[in-house]
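1. Sequence plus the predicted model coming up.
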Amino acid sequence: MKKVFSNYGSKLSSFCCSFFGHHYAVSKKVTLHIKEYKCIHCGKEVTTDVSGNLSMLTPELQEINNTLERLYQKKHRTSTQQVA
C-alpha cells in the first residue's frame, strides 16, 4: 500500500512539473557563478553552463563541476593563506 502511494505521489509531482514548470533549489555551489540545482518535486538535476543557461546534469557535466570545484577551492585556499 505504501509503495502505491509513493508512486502516485511521484506521478502527481511529475504532472505538476510538466504543467507548471520545475521548482529548482540550489543543491550544490560549485563556484560563485556555477551552481547545481534540483527540482524539489520530481528530483530533476540541472546545472548552469558556460553561457549561464540551465542544462541537464549529465555524468560528464557532474565530473567537470567536481573538478572545477576542487580547483576553485584549492586556488582560494592558497590565496587566503598568502594574504595572512
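-> Looks like it arrived, so ask away.
2. Flag every buried residue along whichever helix in the chain runs longest.
-> Identified as the longest helix of the chain according to DSSP state H is helix 59-83. For helix 59-83, burial by neighbour count (16 or more other C-beta atoms under 10 Å) applies to Leu61, Asn65, Glu69. Just so you know, the C-beta spots here come from the backbone N, C-alpha and C atoms, and that holds for glycine as well.
3. okay but Ile34 is in contact with Thr48, surely?
-> Yes. The pair Ile34 / Thr48 is scored as a contact, 5.2 Å apart, by C-beta atoms under 8 Å.
4. Where does the prediction get shaky in this protein?
-> 1-10, 78-84 (pLDDT under 70).
5. Tell me the one of the buried residues of helix 59-83 nearest Ala25?
-> Nearest to Ala25 among these is Asn65, at 16.6 Å by C-beta to C-beta.
6. check contacts around the nearest residue to the closest one once chain neighbours are set aside.
-> Spatial nearest neighbour of Asn65, chain neighbours left out: Val30 (4.7 Å); criterion: C-beta to C-beta, 6 or more residues apart in numbering. With contact taken as C-beta atoms under 8 Å, 6 or more residues apart in numbering, Val30 is in contact with Glu36, Thr47, Asn65, Leu68, Glu69, Tyr72.
7. Brilliant, that's me finished.
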